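> have a look; sequence and predicted model below, questions after that.
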Amino acid sequence: MEIIALDAHKRYSYVCVQKKDGRVLCEKRINHSKGAIKQFLANWTAGANVAVETVGNWYWIVDEIEQAGMKPKLVHAHKAKMMLGSINKTDKLDARGLNRLQRTGTLPTVWIPPGEIRDYRELPRTRMVFANLRTRLKNRIHSVFDKYGLHTDFDGISDIFGKQGRTQMVLTIKQLPLETRYTLRCLLRELDMVESQIQRIEKRMRKVFSKTEQVSRLMTLPGVGFILAVVIANEIGDISRFATAQRLASYAGTVPRVHSSGGHTRYGKLRSDVNHYLKWAYSEAGNSTAVNHKRFPGRHTSMLYRRIRERKGHAKAVGAVGRHLAEASFWILTKGVDYKEPESKLVSSTAV
């Protein structure tokens with residue numbers, strides 16, 4: 001049986017087909033069009049492994065590989081590059097390199113979520129895009145008032161974009177120069193449209209996800225509401241792909257780097273080569289704990305936050321809470337139970 005590798009780009013893929021002994025059977029460039037990859041793969045033995053890197057357009061490529069009766073292998077692009085250690089870089093070398101890793105059994109693959117989960121993920125991910133845009137617009141509006149020293153008009157108003165703040169804003173805008181006044185009104189109109197889009201997406205999310213058991217279980221975690229529960233459930237997908245709670249915590253980016261040598265151990269920053277959506281969700285939940293730890297002083301997460309903050313500061317305390325919640329998510333989804341406060345009085349970053 002052959003082994004096949006695709007070095008995929010936006011407009012084309014370079015394909016390399018080899019025997020398991022390394023003999024090259026075919027190398028060519030396939031221009032991307034609907035059905036082109038499926039048609040090419042139909043010429044080879046059904047069930048062959050096809051490696052493709054995690055490029056931005058891998059969804060449809062994997063679909064066509066599966067439709068052709070082949071087994072897609074989604075490759076961790078950064079790890080594969082490090083393992084190959086090539087000085088030169090060409091499409092041919094990249095495709096042959098993936099096949100070399102397949103032959104040696106060292107191809108660094110990642111989980112391929114089913115089409116339904118890939119589809120569901122678009123709702124919370126698109127909401128995050130609009131939420132980031134909302135933050136940028138609000139920051140821009142704040143900066144306009146600050147530049148003209150008008151921020152004092154909003155003293156005593158906790159949220160200038162709330163009902164009271166928008167009423168005051170109508171009066172304050174009149175004090176701005178003509179063109180600045182015009183652009184600020186443009187920003188406010190754009191902000192209103194973004195808010196409207198976020199509300200529509202959230203309404204759709206509640207319709208699609210409100211009755212799922214995974215989301216209901218995850219909402220029992222401290223600091224995790226409906227939106228965060230949806231993000232966590234869809235980004236984790238099949239919990240059985242994680243062997244331990246620590247593996248899930250690492251995948252979610254809540255575990256710090258470790259540098260240990262010569263009897264000295266140093267913990268660095270949280271890793272960046274992780275699932276950024278999960279990392280965001282657990283960070284948000286950790287920040288919620290930071291905000292509300294005085295309201296719920298007896299909670300395990302509140303005690304954990306206070307203990308770590310006293311020694312290492314706010315940021316690392318939030319990270320420790322995020323790690324606890326990630327590991328707790330593993331047990332909740334594995335055992336099919338709601339979150340329970342740990343019985344032990346000892347507060348640790350890994351207790352569940």
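Received the coordinates, thanks.
> you'd agree Val17 is in a helix?
No - secondary structure assignment places Val17 outside any helix; it is strand (DSSP: H, G, I helix; E, B strand; the rest coil).
> so what's the residue count around it?
22 (other Cβ atoms under 10 Å). Heads up, the C-betas are built off the backbone N, CA and C, glycines and all.
> show me what contacts it?
Contacts for Val17 (Cβ atoms under 8 Å, 6 or more residues apart in numbering) come out as 2-4, 24-27, 44.
> how about a cut-off of 6 Å?
The contact partners of Val17, taken as Cβ atoms under 6 Å, 6 or more residues apart in numbering, are 2, 4, 25-26.
> surely Ala5 and Arg96 touch.
No - the pair Ala5 / Arg96 is not scored as a contact, 7.3 Å apart, by Cβ atoms under 6 Å.
> the residue positioned nearest the centre of the chain - nearest residue in space that isn't next to it in sequence?
Nearest to the geometric centre of the chain sits Tyr277, at 2.1 Å (Cα atoms, centre = their mean). Using Cβ to Cβ, 6 or more residues apart in numbering and skipping the chain neighbours, the partner closest in space to Tyr277 is Glu235 (4.9 Å).
> okay, now that neighbour: neighbour count?
Glu235 has 21 neighbours, counted by other Cβ under 10 Å.
> let's see the host helix or strand of it as CSV, backbone CA atoms only.
Per DSSP states H and E: Glu235 is located in helix 226-236. Provided in CSV are the C-alpha atoms of helix 226-236 (Å, rounded to 0.1, in the frame of the first residue of the first chain):
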residue,chain,number,x,y,z
PHE,A,226,-23.2,29.4,29.1
ILE,A,227,-20.8,31.0,26.6
LEU,A,228,-17.7,29.6,28.2
ALA,A,229,-19.3,26.2,28.6
VAL,A,230,-20.1,26.1,24.8
VAL,A,231,-16.5,27.1,23.9
ILE,A,232,-15.0,24.4,26.2
ALA,A,233,-17.4,21.6,25.1
ASN,A,234,-16.8,22.2,21.4
GLU,A,235,-13.0,22.8,21.6
ILE,A,236,-12.5,19.6,23.7
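> after that helix comes which helix or strand?
Next along from helix 226-236, by DSSP H and E: helix 245-251.
> coming back round to it: between Ala5 and Arg96, which one's more packed in?
Between Ala5 and Arg96, counted using other Cβ under 10 Å, Ala5 has the larger neighbour count: 29 against 20.
> show me what the more buried one is bridged to.
Beta-bridge pairing for Ala5 (DSSP bridges): Cys16, Ala51.
> could you give the mean pLDDT of the helix holding Glu235?
Averaged over helix 226-236, pLDDT sits at 96.
> please report how far the residue nearest to the centre of the chain lies from Phe209.
15 Å (Cβ to Cβ, to the nearest Å).
> over to Val231?
Using Cβ to Cβ, Val231 is found at 10 Å from Phe209.
> can I have the helix or strand hosting Met83 written out in PDB, keeping just the CAs?
Here Met83 sits within helix 77-84, counting by DSSP H and E. Output of helix 77-84 as PDB, limited to C-alpha atoms (Å, rounded to 0.1, in the frame of the first residue of the first chain):
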ATOM      1  CA  ALA A  77       2.900  21.600  11.200                       C
ATOM      2  CA  HIS A  78       5.400  23.100  13.700                       C
ATOM      3  CA  LYS A  79       6.400  19.800  15.300                       C
ATOM      4  CA  ALA A  80       6.800  18.200  11.900                       C
ATOM      5  CA  LYS A  81       9.100  21.100  10.800                       C
ATOM      6  CA  MET A  82      11.200  20.700  14.000                       C
ATOM      7  CA  MET A  83      11.500  16.900  13.500                       C
ATOM      8  CA  LEU A  84      12.600  17.100   9.900                       C
END
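> who's in contact with that helix?
Helix 77-84 is contacted by residues 53-54, 97, 108 when judged by Cβ under 6 Å, 6+ apart.
> and the strands in the stretch 1-150 of the chain?
With strands called from DSSP state E, counting those that start in this stretch, the stretch 1-150 of the chain shows them at 3-8, 12-18, 24-31, 49-53, 71-75.
> what's near enough to touch Leu123?
Met205.
> out of everything not next to it in sequence, what's closest to Ile141?
Leaving aside its sequence neighbours, Ile141 sits nearest to Leu187 (Cβ to Cβ, 6+ apart; 5.5 Å).
> which elements pack onto the helix or strand hosting the one you found?
Taking DSSP H and E as the definition, one finds Leu187 inside helix 178-209. With contacts taken as 3 or more Cβ pairs under 6 Å, 6 or more residues apart in numbering; DSSP states H and E, helix 178-209 sits against helix 115-147.
> name the helices or strands packed onto the next helix or strand along the chain from the helix it packs on?
On the C-terminal side of helix 115-147, the closest following helix or strand by DSSP H and E is helix 163-173. Counting contacts by 3+ Cβ pairs under 6 Å, 6+ apart, helix 163-173 packs against no other helix or strand.
> helix 163-173 to helix 178-209, inter-axis angle?
Orientation of helix 163-173 against helix 178-209 (axes from the mean of the first three to the mean of the last three Cα atoms, to 10 degrees) gives an angle of 160 degrees.
> which ones are touching the residue nearest to Tyr277?
275, 277-278.
> over to Leu6?
Residues in contact with Leu6 (Cβ under 6 Å, 6+ apart) are 13, 15, 52.
> can I get the residues you listed in a markdown table with neighbour count, pLDDT and distance to Thr183?
Output for the contacts of Leu6, formatted as a markdown table (neighbours: other Cβ atoms under 10 Å; pLDDT from 0 to 100; distance: Cβ to Cβ, whole Å):
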| residue | neighbour count | pLDDT | distance to Thr183 |
| --- | --- | --- | --- |
| Ser13 | 24 | 95 | 45 |
| Val15 | 22 | 97 | 50 |
| Val52 | 25 | 96 | 45 |
